[in-house]
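Chemist: Everything below, folded, please.
(one chain, ligands or ions: 1)
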Amino acid sequence: MMQVAQGTPIRADVRDKLIVALDYPSVAAAEAAVAQLGDVVSFYKIGLELAVSGGIDLAADLIAAGKKVFLDLKLHDIGNTVERATAAAAERGFDILTVHAYPLTMAAAARGAAGSKLEVLGVTVLTSYDDADLAATGVAGGVTETVRLRAGQAREAGIAGVICAPTDAAMVRGILGPHMRVVTPGVRPKGAAVGDQKRIATPAEALAAGADRIVVGRPVTAAEDPVAAARAILAELQGA
Ligand SMILES: O=C(O)c1cc(=O)[nH]c(=O)n1[C@@H]1O[C@H](COP(=O)(O)O)[C@@H](O)[C@H]1O
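Modeler: The predicted model follows:
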């Protein structure tokens, strides 16, 4: 990895590769984080905790401020419900929406997003799962086999791409080819607390394996200095 000197400006295309997960218990806490991160971060994720706490409406303010916004609801329901919820997310101007990578769910989301800029990403196997966790759900194959199957099904469904662990990214990139999206959570800078993640890699490793973007939560949001943490990750991505 090339070292990027401290203070080197981060290119806009590199900035968009870091998606910071706003996993906060209130809109006020999320707004404070966004204000603190300022121009350093250009892409945010609104996930379950913030959405349940009234955070979906925060997207309009973020979009008005020129940020990109990822709505992480990991939808999985009957086709009609998924299609309509996806169309509603597209209408609200989100850039990314997640669904679980089941064929009928992905196909319904593809219909809901048709004609919009919304990128639907299929969650293959959660980064907090290992082979034993997956087996406990009744899925027959291991993590690698299941990610391989679901990545192929995402391609068939005509959605924009997938969410996978950085440790799966090289295999997934091989299945999806150069034009579909590969987005990886489970990213930990060297020395960062791992928490409940099980299949992890560093920001530079994720990019080298073929990820377009990485999703990072606690290594930024729980850092003593979130701005410095985000800058360090961006410098690592720029040097990768
Ligand atoms: O869809 C996701 O974003 C997601 C999928 C996955 O397999 N694993 C995963 O951690 N995520 C999300 O990515 C973020 C990771 O947060 P940290 O572990 O704090 O970096 C959380 O908001 C998770 O909900």
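Chemist: quick one, strands of the chain?
Modeler: For the chain, the strands defined by DSSP state E cover 18-21, 43-46, 68-75, 96-100, 119-123, 161-163, 181-184, 213-216.
Chemist: now, of those, which is deepest in the fold?
Modeler: strand 161-163 (a mean of 28; mean count of other Cβ atoms under 10 Å). For the C-beta atoms, the positions are set from N, CA and C on the backbone; glycine is no exception.
Chemist: Provide the strand pairings for that strand, with the direction of each partner.
Modeler: Using DSSP bridges, the strands paired with strand 161-163 are strand 119-123 (parallel), strand 181-184 (parallel).
Chemist: which parts of this structure sit against the ligand?
Modeler: 21, 23, 47, 72, 74, 98, 123, 126-127, 163, 185-186, 195, 197, 215-219 (Cβ under 6 Å from any ligand atom).
Chemist: about what we covered before: tabulate the strands of the chain (JSON lines), appending mean pLDDT.
Modeler: Formatted as JSON lines, the strands of the chain follow (pLDDT from 0 to 100):
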{"stretch": "strand 18-21", "mean pLDDT": "98"}
{"stretch": "strand 43-46", "mean pLDDT": "98"}
{"stretch": "strand 68-75", "mean pLDDT": "98"}
{"stretch": "strand 96-100", "mean pLDDT": "98"}
{"stretch": "strand 119-123", "mean pLDDT": "99"}
{"stretch": "strand 161-163", "mean pLDDT": "98"}
{"stretch": "strand 181-184", "mean pLDDT": "98"}
{"stretch": "strand 213-216", "mean pLDDT": "98"}
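Chemist: could you dump the strands paired with strand 161-163 to JSON lines with distance to A170?
Modeler: Rendered in JSON lines, the data for the strands paired with strand 161-163 read as follows (distance: least, Cβ to Cβ, whole Å):
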{"stretch": "strand 119-123", "distance to A170": "18"}
{"stretch": "strand 181-184", "distance to A170": "9"}
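Chemist: so what's the closest residue to L58 other than its chain neighbours up against?
Modeler: Spatial nearest neighbour of L58, chain neighbours left out: V27 (5.5 Å); criterion: Cβ to Cβ, 6 or more residues apart in numbering. Neighbour list for V27: L50, S53, G54, G55, D57, L58 [criterion: Cβ atoms under 8 Å, 6 or more residues apart in numbering].
Chemist: what stretches of the protein score poorly on pLDDT?
Modeler: 1-6 (pLDDT under 70).
Chemist: let's see 90
Modeler: Scanning the chain with the threshold set as pLDDT under 90 gives 1-8, 240.
Chemist: how about the residue in the chain positioned nearest to the ligand, what does it touch?
Modeler: Of all residues in the chain, the one sitting closest to the ligand is G217 (2.6 Å; Cβ to the nearest ligand atom). Listed by Cβ under 8 Å, 6+ apart, the contact set of G217 reads V20, A21, D23, K45, P185.
Chemist: hmm, 6 Å instead?
Modeler: By Cβ atoms under 6 Å, 6 or more residues apart in numbering, G217 lies in contact with A21, D23.
Chemist: That one and A192: what is the separation?
Modeler: 11 Å (Cβ to Cβ, to the nearest Å).
Chemist: cool, V34 as well?
Modeler: 21 Å.
Chemist: Leaving out the residues flanking it, which one is nearest to the most centrally placed residue in the chain?
Modeler: In the chain, the C-alpha nearest the mean C-alpha coordinate belongs to V215, at 4.5 Å (Cα atoms, centre = their mean). In space, and not counting its chain neighbours, V215 is closest to P185: 3.9 Å by Cβ to Cβ, 6+ apart.
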